[in-house]
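Novice: Sequence and computational prediction follow.
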Amino acid sequence: MLFYLIKPKMTLFLLPFLLIFSCHTNYASSHSYNAIFSFGDSYTDTGNLLFLLKNISSPIENYPYGETFFHHPTGRCSDGRLIIDFLAEEFSLPYLKAYLAHKGRFNRGANFAVGGASALDLSHFTKFNTTRLFPFNISLNFQLEWFDELKPSLCKTTKECKDYFGNSLFILGEIGINDYNILFFNGVTPAQVRPYVSKVVKTISTAIERLISQGAKTIVVSGNIPIGCLPTILTLFKSHKKDSYDPKNGCLKEYNMLSQYHNSLLREAINKMRIKYSHTKIIYADFYEPVFAFIKHPKHFGWNTPLRTCCGKGGQYNWNFNETCGMPHVNSCENPSRYINWDGIHLTEAAYRKIAHSWLKGPYANPPIVTDRKG
């Protein structure tokens with residue numbers, strides 16, 4: 001998602017089930033993994049962007065980021081753990097180390113996701129002069145190159161690599177939202193963005209096939225979040241037309257329709273690949289529906305006002321361009337666990353926990369990541 005997380009006035013493309021969780025049965029996973037390898041943007045990044053910004057002042061290096069669980073900023077764009085952290089916990093694996101920031105071994109997995117990453121290379125957006133705004137090569141293709149760079153330290157022979165990666169979990173986290181926001185913030189309307197969606201989905205599909213060729217047998221692929229419900233979008237693209245908003249939840253309809261279009265094309269692509277690669281488990285992880293359910297039925301989940309940020313300052317949605325989370329005099333809410341949105345773009349640990357559980361056990365993953373058996 002497009003962020004404002006460096007110095008004020010500097011733009012940065014950082015980015016991105018009702019009651020089902022009220023009862024918990026004692027489950028044990030029927031599958032374990034040797035490692036997890038993840039790719040994506042700021043919804044999955046555990047420190048790569050922070051490493052890249054080490055010589056640039058950035059709000060994400062400041063408290064209250066990380067306040068809930070780690071009790072200090074870690075490079076995660078949240079108050080605590082992300083979906084990827086809860087997936088690691090499920091399989092008794094360590095929290096994923098950010099590939100760019102860590103110099104040790106990665107035999108238990110690595111996180112290549114970077115806040116602000118796009119699916120398409122920035123060369124697709126040259127007329128918008130994106131390198132001036134975000135001069136890092138961090139797109140999905142570059143993340144896959146980092147994975148290739150790491151491979152020789154993990155396995156030596158083709159068979160060894162096939163066996164190792166065949167028993168690893170691959171997570172292709174949310175990606176694409178930054179591609180669309182590059183366009184939004186250059187005056188392109190959601191309707192005009194639609195032709196780019198097929199290119200984004202094609203890039204994601206190519207990445208999936210590339211991982212399968214390396215031996216991946218289980219790949220989780222995330223869809224897009226409802227963009228039109230994000231406080232940043234609601235603030236920056238405020239409409240004076242009443243019919244621009246969904247009367248049931250207050251989200252911007254046209255932006256959500258773009259997310260739905262992206263997700264529909266992605267599901268179609270995954271269905272085709274399932275036929276082509278029948279021995280690979282390709283999981284579609286729905287990021288749209290659980291968040292939409294949170295916003296549509298906030299009382300069922302114990303949320304406060306669903307479209308306001310926990311960490312922010314001012315405005316209808318508690319977010320404004322000049323005073324974002326992590327900046328001086330911008331505070332977080334008293335109880336982040338009562339909020340869906342953390343900083344205007346990203347979610348709280350409480351929201352990520354619920355989404356992670358819905359991907360692990362269902363109903364928002366097809367098929368669920370975990371095939372459960374009662375323990």
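Specialist: Yep, it's here.

Novice: Report the contact partners of residue 46.
Specialist: By C-beta atoms under 8 Å, 6 or more residues apart in numbering, the contact list for residue 46 reads 74-76, 82, 84-85, 95-98, 111, 113. Using the backbone N, CA and C atoms, a C-beta is placed for each residue, glycine as well.

Novice: and if we set it to 10 Å?
Specialist: 38, 74-77, 81-82, 84-85, 88, 95-99, 101-102, 110-111, 113, 115 (C-beta atoms under 10 Å, 6 or more residues apart in numbering).

Novice: Same check on residue 217?
Specialist: Contacts of residue 217 were listed using C-beta under 10 Å, 6+ apart, and they are 33, 162, 165-170, 211, 277, 279-282.

Novice: What's the PyMOL line that selects buried ones from these?
Specialist: Buried residues within the contacts of residue 217, by 16 or more other C-beta atoms under 10 Å, are selected in PyMOL with:
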select buried, resi 33+165+168+169+170+211+277+280+281+282
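
Novice: ok, the contacts of residue 217 vs residue 227, which is closest?
Specialist: residue 282 (23.9 Å; C-beta to C-beta).

Novice: what about the closest one, which helix or strand?
Specialist: strand 281-285 (DSSP states H and E).

Novice: Likewise for residue 317?
Specialist: Counting by DSSP H and E, residue 317 is part of no helix or strand.

Novice: From residue 202, how far off is the closest residue in space to residue 106 that isn't next to it in sequence?
Specialist: Nearest in space to residue 106, with sequence neighbours left out and distances taken as C-beta to C-beta, 6 or more residues apart in numbering, is residue 150 at 6.0 Å. Distance from residue 150 to residue 202, counting by C-beta to C-beta, to the nearest Å: 25 Å.

Novice: now do residue 321
Specialist: Applying C-beta to C-beta, the value for residue 321 to residue 202 is 33 Å.

Novice: now swap in residue 138 and tell me
Specialist: 19 Å.

Novice: all strands for the chain, in order.
Specialist: 27-29, 35-39, 109-111, 168-172, 218-222, 281-285, 365-366, 372-374 (DSSP state E).

Novice: Nearest residue to residue 210 in space, please, no chain neighbours.
Specialist: Residue 210 sits nearest to residue 144 (C-beta to C-beta, 6+ apart), 5.9 Å away.
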